[in-house]
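In: Predicted model, plus sequence, below.
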Amino acid sequence: MNSKLKDFLDNFEGYCCILTLAAMSIVVFIQVVFRFVVKASLPWSEELSRYLLVWTAFLGGAYGVRQGAHIGVEAFALLLPKKVQKVLAIFIMIASIALCAVIAKYGFAIVQTQLSKGQLSPAMRIPMGYMYAAIPIGMFFFIVRYVQDIIISIKNFNKEDQEKEVVLL
């Protein structure tokens, strides 16, 4: 695979977070300028920035999985032998995949319900299903990243020093 394409795919969620945070910052800045300089507000700006924040949170969470940035309680796990720690880490990632799958399933049901009812957002008048789509899409990326981490952990199971530290959630 092309190196640039691989790098892009490895950091896809990060790039999406950069775009959504930049868009959110621009929208909020424009709203502040309009409110204090023009003395008028943009009715859609608060709503758009809220939706961008939700998308950023779900995609950023998946990026956090990729970077091993989620917090975890390691007090018990650190008392175990290294091999058992690695097995426990894999088990925790599998449990995390199961939880993400459940959240994605119910998130998808919410999206379907919202789209079938035709509910629109108050200010921007766009289907609410698009906003709720952040849940199943974000969980899909969580699952992809957990599967990648499991593969890396299994490949490096017998190695003493791993490239990426085993993260215990």
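Out: That came through fine. Numbers count the residues shown, from 1 in each chain.

In: which SSE is the closest residue to Phe58 other than its chain neighbours in?
Out: Closest residue to Phe58 apart from its sequence neighbours, by CB to CB, 6 or more residues apart in numbering: Gly138 at 2.6 Å. For every residue, glycine as well, the C-beta is placed using N, CA and C. Using DSSP states H and E, Gly138 falls within helix 134-155.

In: average pLDDT across that helix?
Out: The pLDDT scores in helix 134-155 average 95.

In: All further residue positions should be reported with the first residue as 25.
Out: Okay, using 25 as the starting number, the last item reads as helix 158-179.

In: buried set for it?
Out: 158-170, 173-174, 177 (16 or more other CB atoms under 10 Å).

In: What lies in contact with the host helix or strand of Trp79?
Out: Counting by DSSP H and E, the element that carries Trp79 is helix 69-91. Counting by CB atoms under 8 Å, 6 or more residues apart in numbering, helix 69-91 makes contact with 34-35, 37-38, 40-41, 44-45, 47-48, 51-52, 54-55, 58, 93-94, 145-148, 155, 158-159, 161-163, 165-166, 168-170, 172-173, all of which sit outside it.

In: on that earlier part again, tell me the angle the helix holding Gly162 makes with helix 69-91.
Out: Put simply, helix 158-179 runs at 10 degrees to helix 69-91, going by axes from the mean of the first three to the mean of the last three CA atoms, to 10 degrees.
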